[in-house]
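Visitor: what shape does this take:
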Amino acid sequence: MALRLLEGYLSRDDIKLVHYGSPQHRFEALLNGEVEAAALMEPWITLAEKLGCRAVCEGHYLGAENASDSMDPETFASINKAVVKAVDMINSDKRKYLHYLIDDPRFAAVAKQYGGITPEDFHLPRLRYSYNTPYSDQIVSDTYHWMLGWGLLNEGACDSNLVENRVAAGLATNADD
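Guide: You can find the predicted model right below:
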């Protein structure tokens, strides 16, 4: 995602990505000046902003790709029905569920060292939850060619083998099941 966002502002030659591992490591590298920018997600964004950092750009993740080739369609459908229900619940009152982000053990101890965050610190419009929908052939093709251009895929990869839309089709329409 970082490449996709940055190439809107910088030439490919000016983009220098460095892998810093976990969100905590990226956050700490940003704060101590090892890097000028970092790709963070919530709740790390909120903590960074509370400490004076600012967002340069934002991207939003679409989907909950949590299946393998060996997962049967019924299990995948059940997982995605649960995701649809969760989307509805969270969107009905985002603030009610922020404690899951704040209290996550991978985050809470680090956040405490920096003064912590509260639900009031979050920019709620940033939290976007939506139903899974199949990717269009155009999106798959565009993304495939973009990844080839960055050297993220080899020429032998086939775009039609990278995305399985069949199982995801129709899930959002079954939200009430």
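
Visitor: distance check, the nearest residue to Ala37 once chain neighbours are set aside against Tyr20.
Guide: Using CB to CB, 6 or more residues apart in numbering and skipping residues adjacent in sequence, the residue nearest Ala37 is Val56, 5.8 Å away. In short, each C-beta sits where N, CA and C put it, glycine included. Per CB to CB, to the nearest Å, Val56 is found 16 Å from Tyr20.

Visitor: also Ala86?
Guide: Taking CB to CB, one finds Ala86 at 30 Å from Tyr20.

Visitor: check Asp103 too.
Guide: Asp103 is 24 Å from Tyr20, by CB to CB.

Visitor: looking at these two now, which is surrounded by more residues?
Guide: Each of Asp103 and Tyr20 has its neighbours counted (other CB atoms under 10 Å); Tyr20 has more, 17 against 11.

Visitor: which strand or helix spans that one?
Guide: Element membership of Tyr20, judged by DSSP states H and E, is empty: it is in no helix or strand.

Visitor: could you report the pLDDT at the closest residue to it other than its chain neighbours?
Guide: Across the structure, with CB to CB, 6+ apart as the measure, the residue nearest Tyr20 apart from its sequence neighbours is Arg26 (4.6 Å). pLDDT for Arg26: 96.

Visitor: hang on, Arg26 packs against Ala39?
Guide: Yes: the criterion here is CB atoms under 8 Å, and Arg26 meets it with Ala39 at 6.5 Å.

Visitor: same drill for these two, tell me which one is more crowded.
Guide: Arg26 (22 against 19).

Visitor: tell me which element the more buried one falls in.
Guide: helix 23-31.

Visitor: nearest residue to the residue most central in space within the chain in space, please, no chain neighbours.
Guide: Closest residue to the average C-alpha location of the chain: Tyr61 at 4.0 Å, with CA atoms, centre = their mean. Leaving aside its chain neighbours, Tyr61 sits nearest to Met1 (7.5 Å; criterion: CB to CB, 6+ apart).

Visitor: and that neighbour, how far is that from Leu40?
Guide: 11 Å.

Visitor: which of these two has more neighbours?
Guide: A direct count of neighbours by other CB under 10 Å for Met1 and Leu40 places Leu40 higher, at 19 against 12.

Visitor: residues contacting that one?
Guide: Under the criterion of CB atoms under 8 Å, 6 or more residues apart in numbering, the neighbours of Leu40 are Pro23, Arg26, Phe27, Leu30, Ala48.

Visitor: ditto for Arg128
Guide: His60.

Visitor: just Tyr9 next, same as before
Guide: Residues in contact with Tyr9 (CB under 8 Å, 6+ apart) are Cys57.
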